[in-house]
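**Student:** Test case, fold it:
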Amino acid sequence: FHAGSAKPVGEKPIIVKSDPAAGPRHIIFSPTRPFGYVIEEMSGKVAVISTKNGKFEQIQTIVSHPASDGNDIGSSAIKLSADGKWLYASNRGSSNSITTYSVDGATGKLTLKGTVKSGGKGPRDFSIDPSGKFIVAGNGESDNLTLFKINKSNGLPEPTGKQETVESPVCIVFL
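**Tutor:** Residues are numbered from 1 along each chain as shown. Just a heads-up that it's a prediction; the model follows:
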């Protein structure tokens, strides 16, 4: 669909092939560049999709979980900063983390910047506040919200030490 409207881009469905065991969960598109990003729940990876010339092609796959997690993975949410410089992915399983990537503005490809613990268990969703300065993570298995300040120089979320108890948060939306 075109951003800001309910009109489809074309008449034909768009198909992007992925590994059958990857478990594509959510996709987010860059508002300014011809790229999309898919969080793969079961593989613990992020797939980068080129959307140039109306063709969708996977151009990169990059891990979201630290290697130390082994097979205890389960990626959940994916968000792009408003300026398109940073991509964030949340990870459940033994990781319970948020991974940060820098986004190459020309190629759309990602570079891993770091991973921070989510401040709880089972980070199902998170959101970047409208100012772009904070991330709120919803940890569904530990019944809490955790507040992070985003470091402007490297994009990494930094714990503020602030948490709130909320029963099973599953979706974080700023109104």
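**Student:** Work out which residue lies at the spatial centre of the protein.
**Tutor:** residue 78 (1.8 Å; CA atoms, centre = their mean).
**Student:** That one is in what secondary structure piece?
**Tutor:** strand 75-80 (DSSP states H and E).
**Student:** Please name the residues that touch residue 94.
**Tutor:** 69, 70, 72, 73 (CB atoms under 8 Å, 6 or more residues apart in numbering). No exception for glycine: its C-beta is placed from N, CA and C like everyone else's.
**Student:** For residue 175, state which of the residues you listed is nearest.
**Tutor:** residue 73 (31.8 Å; CB to CB).
**Student:** Which residues are in contact with that closest one?
**Tutor:** 42, 43, 44, 65, 91, 92, 93, 94, 95.
**Student:** In contact with the residue nearest to the centre of the chain, which residues are there?
**Tutor:** So residue 78 contacts 25, 26, 27, 28, 37, 38, 39, 46, 87, 88, 89, 90 (CB under 8 Å, 6+ apart).
**Student:** run the last query once more with 10 Å
**Tutor:** Counting by CB atoms under 10 Å, 6 or more residues apart in numbering, residue 78 touches 25-28, 37-40, 46, 64, 87-90, 99, 126.
**Student:** Residue 28 now?
**Tutor:** Contacts of residue 28 by CB under 10 Å, 6+ apart are 35, 36, 37, 38, 39, 77, 78, 79, 80, 87, 88.
**Student:** Relative to residue 37, how far out is it?
**Tutor:** 5 Å (CB to CB, to the nearest Å).
**Student:** how about the residue lying closest to residue 87 once chain neighbours are set aside, what does it touch?
**Tutor:** Nearest residue to residue 87, sequence neighbours excluded (CB to CB, 6 or more residues apart in numbering): residue 101, at 4.5 Å. The contact partners of residue 101, taken as CB under 10 Å, 6+ apart, are 37, 46, 48, 62, 64, 80, 85-89, 109-114, 155.
**Student:** Quick check: the farthest pair among the contacts of residue 94?
**Tutor:** 70 and 73 (8.0 Å).
**Student:** residues shared between the contacts of the two?
**Tutor:** Taking CB under 10 Å, 6+ apart as the contact rule, residue 70 and residue 73 both touch 93, 94.
**Student:** The worst-scoring helix or strand of the chain on mean pLDDT vs strand 75-80, what angle?
**Tutor:** Least confident helix or strand, the chain: strand 24-29 with a mean of 92, by mean pLDDT, DSSP states H and E. Taking axes from the mean of the first three to the mean of the last three CA atoms, to 10 degrees, one finds strand 24-29 and strand 75-80 inclined to each other by 0 degrees.
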